[in-house]
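Colleague: Need coordinates for the following:
(2 chains)
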Amino acid sequence: MFRPRLIPVLLLKNNALVKSIKFKKHNYIGDPINAVKIFNELKADELVLLDIDATKERRRISEDVVKRVGEEANMPFSVGGGIHSIDDIKTLIACGAEKVILNSYAINNINFLKEASETFGSSTIVLCMDIKKNFFGTKDYVFLNNGRNSSGFEPVMLARLAQEMGVGEVIIQSISRDGTMQGYDINLIKTISDALTIPTVALGGCGKMEDCISVFRNGGANGIAAGSFFVYQGENKGVLINYPSKEDIIKIK
Amino acid sequence: MKIHIVDYGMGNIFSVQKKLLQENIDVSVSSEPKDILNADKVILLGVGHFSKAMDNLNHLSLIEPLNDFALVRKKPILGICLGMQLMAMTSEEGIGRQKGLGWIDASVKKFQTPNSKQFKIPHMGWNNVSLVKDSDLMQNISSKDEFYFVHSFFLQPNEKEIILNETNYIDNFCSGIEKENIFGVQYHPEKSHDAGQTLLKNFISI
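Modeller: The predicted model follows:
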């Protein structure tokens, strides 16, 4: 039976694994390849690897790191960070990535979404939308460059446009929930999921198994992604890579 | 034992190659027609557009050696994802009706977007495969095992005898085929943990 995917999100900073709170306060977690090995053993459904400094530093996520992940991973994984050309995508897929995650560049150059999906097929192209309220706290907008600048797009509008352009999946990331472990922004995720025929992945705020169940049942997300939930354990947030058992995952339906 | 992976510019060769090398066998990867004919087994994988894939195979002069390998020499060949779909007569993907390799009497159809919000397209994620018939390819694999899928089109065979697996998404669809020496799976064994590795091992020992 088809079931939602539970997806650990690994953030890279200087090729080390980190975890943020609201896109700030980066805490060192460990070595990314070691994390992939552990997620292999834990039989994770899928992995996401994002280089959060790539766009700022005007480069692409490290080909070397992606290749090492590709050598290790026994599951599908997608990668993002500074992707802005067809050649970038070609290179990353050749390293073993199943999908690529487009963000700032593609949102500024919306036709790139179309070019990429036509070249590689919809199922290879993912759009990540980093979302937070505007300055007045009245309305949600999609932000660029690690949450620094507003793109001017409202989330549903951009998501629909991306779907029209051929994108195969949208990651809905709530910046204000990032690292808080206080639960997903269910309304935001539901609004976008309901507006699309392509799968959506929820990200930002997951702190416990109940959050996963809730975002699937009430938010309509097809993928349940998280950072802190999979790398921290206990009240003191000790670093311990973990993943629910198959028995627990099957309960999400 | 030499397995050749056909490189025609579509898809994730590295992952399949890695998984095969773990089994300590000889693996070649190229777009050379002669390498197909020198192999004991061939894997045809692919992600992307059906019509683009057929164009690429055509431009690289790979269709004739593939036909020879699969239909004349009747050596084992495994299609993965788009690689399986290419074995059909036609596909709806692209403008008009696209012609495939035509090794099996089947057509490739697009999933219809249902009204229910439960089913999004592409079908992306983990799902089970039923074992419709006995097969060497499915040894030590159970219908409880999950495989990773990512696709918007599916294969619809006209000859029911070739159906190896079925999977339920919106409706039941054919997720694996076997016709003599020709094997195809819609799912990605190279991305499917232990069950996937078992399937690749099975293909090696066929």
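Colleague: Ramachandran angles for the residue lying closest to B:Asn181 once chain neighbours are set aside?
Modeller: Spatial nearest neighbour of B:Asn181, excluding adjacent residues (Cβ to Cβ, 6 or more residues apart in numbering or on different chains): B:Lys74 at 4.7 Å. For glycine as for every other residue, the C-beta is placed from the backbone atoms N, C-alpha and C. B:Lys74 adopts backbone torsions of phi 50, psi 50, taken as degrees, to the nearest 10.
Colleague: So B:Ile162 versus chain A, what's the distance?
Modeller: 24 Å (Cβ to the nearest Cβ, to the nearest Å).
Colleague: can you tell me which residues contact that residue?
Modeller: B:104-106, B:177-179 (Cβ atoms under 8 Å, 6 or more residues apart in numbering or on different chains).
Colleague: Show me which pair in those is furthest apart.
Modeller: Pairwise distances across the contacts of B:Ile162 peak at 13.9 Å for B:Asp105 and B:Glu178 (criterion: Cβ to Cβ).
Colleague: list the contacts for residue 83?
Modeller: Going with chain A. Counting by Cβ under 8 Å, 6+ apart, A:Ile83 makes contact with A:60-61, A:89, A:92, A:100-103, A:105-106.
Colleague: oops, I was thinking of chain B
Modeller: Contacts of B:Gly83 (Cβ under 8 Å, 6+ apart): B:11, B:43-46, B:184.
Colleague: Equivalent analysis for A:Ala116, please.
Modeller: Applying Cβ under 8 Å, 6+ apart, the residues contacting A:Ala116 are A:86, A:89, A:100, A:102, A:106, A:124-125.
Colleague: What segments of the chain are strands?
Modeller: Since no chain was named, I'll use chain A. For chain A, the strands defined by DSSP state E occupy A:5-13, A:16-21, A:24-30, A:47-51, A:77-80, A:99-102, A:125-133, A:140-144, A:149-150, A:169-174, A:200-203, A:223-226, A:232-233, A:238-239.
Colleague: was after chain B, sorry
Modeller: Under DSSP E, chain B gives strands at B:2-6, B:26-30, B:41-44, B:77-80, B:90-91, B:98-99, B:106-110, B:123-128, B:130-131, B:146-151, B:153-157, B:163-169, B:171-179, B:182-185.
Colleague: nearest to A:Lys208, of those strands?
Modeller: Per Cβ to Cβ, nearest to A:Lys208 of the strands of chain B: strand B:123-128, 21.8 Å.
Colleague: Just the CA coordinates for the closest one, please, in CSV.
Modeller: Extracted C-alpha coordinates of strand B:123-128, given in CSV (Å, rounded to 0.1, in the frame of the first residue of the first chain):
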residue,chain,number,x,y,z
HIS,B,123,3.3,8.4,-8.1
MET,B,124,6.3,9.1,-5.9
GLY,B,125,7.3,7.0,-2.9
TRP,B,126,7.3,3.5,-1.4
ASN,B,127,4.8,0.9,-2.4
ASN,B,128,4.4,-2.9,-2.5
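Colleague: So is that strand next to chain A?
Modeller: Yes. Using Cβ under 8 Å from any Cβ of the partner chain, strand B:123-128 reaches chain A at B:123-128.
Colleague: contacting residues around that strand?
Modeller: Applying Cβ under 8 Å, 6+ apart, the set of residues contacting strand B:123-128 is A:1-5, A:45-46, A:123, A:168-169, A:199, A:222-223, B:111, B:143-152, B:154, B:167-169, B:175, B:187.
Colleague: hmm, which of the contacts of A:Ile83 are the buried ones?
Modeller: The neighbour-count test (16 or more other Cβ atoms under 10 Å in any protein chain shown) marks A:60-61, A:89, A:92, A:100-103, A:106 as buried among the contacts of A:Ile83.
Colleague: which of the strands of chain A sits most buried?
Modeller: With neighbours taken as mean count of other Cβ atoms under 10 Å in any protein chain shown, the strands of chain A reach their highest mean count in strand A:200-203, at a mean of 29.
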